[in-house]
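1. everything below, folded, please.
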Amino acid sequence: MALPSYATPLDRAWYYSYRVLCGLIFAFLVIPILVIIPLSFNSEPYFTYPMPGFSLRWYEEFFNSPQWLLGLKNSIIVGIFATLVASVLGTLAALGLNRAEFPGKPLIMGVLISPIIVPIVITAAGMFYFYSRLGLTGTLAGLVFAHATIGVPFVIITVSATLAGFDNNLVRAGASLGAGPVKTFFKITMPLILPGIVSGGLFAFITSWDELVIAIFLAGTEEHTLPRRMWSGIRELLSPTIMAVATLLILTSIALMVVMELLRRRTERLRGIRV
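-> This next block holds a predicted model:
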């Protein structure tokens, strides 16, 4: 928003100072991430500037390495299935909490979103103890359920926010025209809350895509995800291939965040139409 023509010098000083401060905060948060990207194109195996040359050798090493490709495959498989499980469970939980009033509802909501509040190390340790009793440690299924657990709260939060502006008269109108609960849900409710479901699912996927601690506790040698493989690489041999992988992870996260922003704007337009 631009300053009005009648703004005083003090107003202008605050206006520009505020924007400079926001720019400095943005730079403080983003620059440590952006410096990784050029290093992934370094022609030499060093993490220093200036770089002696430009090369794609580290990306070639990544795509030609069976270990890295296995980590990529596992990350994609776990991320997709964890997102699907989290989206279904989170949506059902949000619908139930939104439509029902009962004692202890805030407590149940707090328990459902606790995975994003409790320190991840504690969550991972508890999962290791529980999943080891079920024989799920060292399996992709165990990672899927564990990542879905930490993804469900994001789906609940985004779907609940979408339901906050939902017009229940539409459901009543569908029922009055003879539509059953299932048909009403898929024809009326689902299309309107779909942006919230997709946004929550994207949050769940990003969480799974970048998650390390749970993978350290639960993954075996054949279930390494990309973050777990990066951790092993840092401990064993510090190679610029890790920077190439980090760049791919960053670009994937940025792309998903752009999609979420587009979905958010679409949701706002839908609410504007209803209003």
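2. need the helices for the protein, in chain order.
-> 9-34, 36-39, 57-63, 66-99, 105-112, 120-134, 140-163, 169-176, 181-184, 190-210, 213-218, 226-236, 241-274 (DSSP state H).
3. show me what the lowest-mean-pLDDT helix or strand in the chain is packed up against.
-> Using mean pLDDT, DSSP states H and E, helix 169-176 stands out as the lowest-scoring helix or strand of the chain, at a mean of 72. Contact here means 3 or more C-beta pairs under 8 Å, 6 or more residues apart in numbering; DSSP states H and E; on that basis helix 169-176 packs against helix 181-184. The way it works is simple: take the backbone N, C-alpha and C, and place the C-beta from them, glycine included.
4. mind checking how far the helix it packs on is from the chain centre?
-> 30 Å (C-alpha atoms, centre = their mean, to the nearest Å).
5. give the rounded mean pLDDT of that helix.
-> For helix 181-184, mean pLDDT rounds to 74.
6. which intervals of the stretch 151-275 of the chain have sub-threshold pLDDT?
-> Scanning the stretch 151-275 of the chain for pLDDT under 70 picks out the ranges 166-168, 236-237, 266-275.
7. again, only using 90
-> Low-confidence segments of the stretch 151-275 of the chain (pLDDT under 90): 157-203, 206-213, 215-275.
8. same deal with the stretch 1-150 of the chain?
-> In the predicted model, the stretch 1-150 of the chain carries pLDDT under 90 at residues 1-19, 26-72, 91-127, 129-142.
9. mind running it again at 70?
-> 1-7.
10. what lies in contact with stretch 124-134?
-> With C-beta atoms under 8 Å, 6 or more residues apart in numbering as the contact definition, stretch 124-134 has outside contacts at T137, G142, F145, A146, T149, V213, I214, I216, F217, L218.
11. how about that stretch: buried residues?
-> When burial is assessed from 16 or more other C-beta atoms under 10 Å, stretch 124-134 yields the following buried residues: A124, M127, F128, Y131.
12. I'd like to know which of the contacts of stretch 124-134 is nearest to L263.
-> For the contacts of stretch 124-134, the closest approach to L263 (C-beta to C-beta) belongs to T149, at 23.4 Å.
13. who's in contact with the closest one?
-> When contacts are counted by C-beta under 8 Å, 6+ apart, T149 touches A86, P115, T123, M127.
14. again, only using 7 Å
-> P115 (C-beta atoms under 7 Å, 6 or more residues apart in numbering).
15. and the gap between it and E223?
-> Here T149 is placed at a distance of 17 Å from E223 (C-beta to C-beta, to the nearest Å).
16. who's in contact with stretch 43-55?
-> P38, L39, F41, N42, S239, P240.
17. save the helices of the chain as CSV, and put in distance to Y49 too.
-> Formatted as CSV, the helices of the chain follow (distance: least, C-beta to C-beta, whole Å):
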stretch, distance to Y49
helix 9-34, 12
helix 36-39, 8
helix 57-63, 16
helix 66-99, 25
helix 105-112, 46
helix 120-134, 32
helix 140-163, 36
helix 169-176, 58
helix 181-184, 60
helix 190-210, 26
helix 213-218, 31
helix 226-236, 20
helix 241-274, 13
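18. now for G138, how many residues are close by?
-> Each residue near G138 was counted by other C-beta atoms under 10 Å, and the total is 15.
19. what about the residue nearest to it when sequence neighbours are not counted, distance to G142?
-> Nearest in space to G138, with sequence neighbours left out and distances taken as C-beta to C-beta, 6 or more residues apart in numbering, is G220 at 3.4 Å. According to C-beta to C-beta, G220 and G142 sit 9 Å apart.
20. okay, the two: which has more neighbours?
-> G142 (25 against 12).
21. so who does the closest residue to E61 other than its chain neighbours touch?
-> The shortest distance from E61 to any non-neighbouring residue, by C-beta to C-beta, 6+ apart, is to T241 (5.0 Å). Going by C-beta under 7 Å, 6+ apart, T241 touches W58, E61, F62.
22. would you mark the buried spots in the least confident helix or strand of the chain?
-> For helix 169-176, by 16+ other C-beta under 10 Å, it's V171, G174.
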